[in-house]
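J.: just to be clear, the model below is a prediction. Sequence and coordinates:
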Amino acid sequence: MATPTIAVGDKVPHGTFNYIPHTPELDDQLVCGTRMSSYMNSNKVVLVSVPGAFTPTCHVNHLPPFLARYDEFKAKGVDIIAVLAANDAFVMSGWARVEGLKDKILALSDGNAEWSKAMGLSVDLSHVGFGLRTARYAIILDDLVVKYLGVEPGRGVTVSGAEAVLEAL
Amino acid sequence: MATPTIAVGDKVPHGTFNYIPHTPELDDQLVCGTPTTITTTDFFAGKKVVLVSVPGAFTPTCHVNHLPPFLARYDEFKAKGVDIIAVLAANDAFVMSGWARVEGLKDKILALSDGNAEWSKAMGLSVDLSHVGFGLRTARYAIILDDLVVKYLGVEPGRGVTVSGAEAVLEAL
């Protein structure tokens, strides 16, 4: 399990993420899209981090409820919902389209798990050939300050899930 | 561009790949599947194999232009005696499985993970794409193996698909 070095009340470190913004052309899953850089700005943000695109738990159980309950997040004043993993932006875009995220949830690439690592939120999965990945966690940011941090202690989705985040909002 | 250290006539080094075999359950793109490990010895020995390597799943060129013709012309490959067609990249097995399903590969083309581009690197066929945040990846190449011996190697010299494409490989078979 990751050992976070950041806590509620702290400001997050600066981070830069590659991602492919959703456009209608991308509904054709064989279209590639153009990479852009994004960074967290001063909004109310819900970030969900998963160890890998297309991997078990996150693929089926972690991410879909965030999409299904999108309106509830918006009703609570959330400006941006994003999913984060160490996979590159092209993989994140491919995964986002399989998951049907469209323009509701951004799929960001935390390359080399760099930003997550800066907060003690990376996990070394080299023993299964995955290299350094982002841990499974959810974070609520308000003007770049941590309002909630739920780091999953083991398998399964509890404190980093949609239900827990909605309760914390 | 990669500088291959392997040539036609050489035997390929031993390689281990993770992959998720296709099963009907996986037609549901939200099902995950279980990775398994195969080696060049168990899987490729005694067989005619076409391997296509791409720098990354879902990336331009390979996603749209490189891989689809191999799938479209599957019957032509089979008619030429090819036992296995596989696509290779350094992405993990879950990503390869997700991509394989978007591409509709089913059980026709295996989507193998050359983790850390290790096997490709052993043949001088990896590329360092750290400057774009991708880390070490497999180069864009196609290889025909017959009982683990290289019969054809087409390493793409630049952007675009030429010597590593379906047309070039079919001509070489």
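T.: Structure's in. What do you need?
J.: and A:D110, what does it touch?
T.: A:G15, A:F17, A:S49, A:L84, A:A85, A:A86, A:S116, A:T134 (CB atoms under 8 Å, 6 or more residues apart in numbering or on different chains). In short, each C-beta sits where N, CA and C put it, glycine included.
J.: pull up the residues of chain A that are close to chain B.
T.: A:18, A:29-32, A:52-56, A:59-60, A:64, A:87-88, A:90-91, A:93-95, A:97-99, A:109, A:111-112, A:129-131 (CB under 8 Å from any CB of the partner chain).
J.: still on that earlier bit, farthest-separated two in the contacts of A:D110?
T.: Spanning the widest gap among the contacts of A:D110 are A:G15 and A:A85, at 13.5 Å by CB to CB.
J.: against A:A96, how distant is A:A107?
T.: Distance, A:A107 to A:A96, using CB to CB, to the nearest Å: 4 Å.
J.: quick revisit: okay, A:G15 and A:A85: which has more neighbours?
T.: Using other CB atoms under 10 Å in any protein chain shown, the more surrounded residue of A:G15 and A:A85 is A:A85, with 27 against 18.
J.: report the beta-bridge partner residues of the more buried one.
T.: With DSSP bridges as the criterion, A:A85 is bridged to A:S109.
J.: all strands of chain A, in order?
T.: With strands called from DSSP state E, chain A shows them at A:17-19, A:36-38, A:44-49, A:80-85, A:106-109, A:122-124, A:132-134, A:137-142, A:145-151.
J.: just send these back as a markdown table, with mean pLDDT too.
T.: Below are those laid out as a markdown table (pLDDT from 0 to 100):
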| stretch | mean pLDDT |
| --- | --- |
| strand A:17-19 | 87 |
| strand A:36-38 | 67 |
| strand A:44-49 | 94 |
| strand A:80-85 | 94 |
| strand A:106-109 | 94 |
| strand A:122-124 | 95 |
| strand A:132-134 | 95 |
| strand A:137-142 | 95 |
| strand A:145-151 | 95 |
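J.: in JSON lines: the ones you listed, plus distance to A:A168.
T.: As requested, these are exported to JSON lines (distance: least, CB to CB, whole Å):
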{"stretch": "strand A:17-19", "distance to A:A168": "23"}
{"stretch": "strand A:36-38", "distance to A:A168": "24"}
{"stretch": "strand A:44-49", "distance to A:A168": "9"}
{"stretch": "strand A:80-85", "distance to A:A168": "14"}
{"stretch": "strand A:106-109", "distance to A:A168": "20"}
{"stretch": "strand A:122-124", "distance to A:A168": "22"}
{"stretch": "strand A:132-134", "distance to A:A168": "20"}
{"stretch": "strand A:137-142", "distance to A:A168": "6"}
{"stretch": "strand A:145-151", "distance to A:A168": "4"}
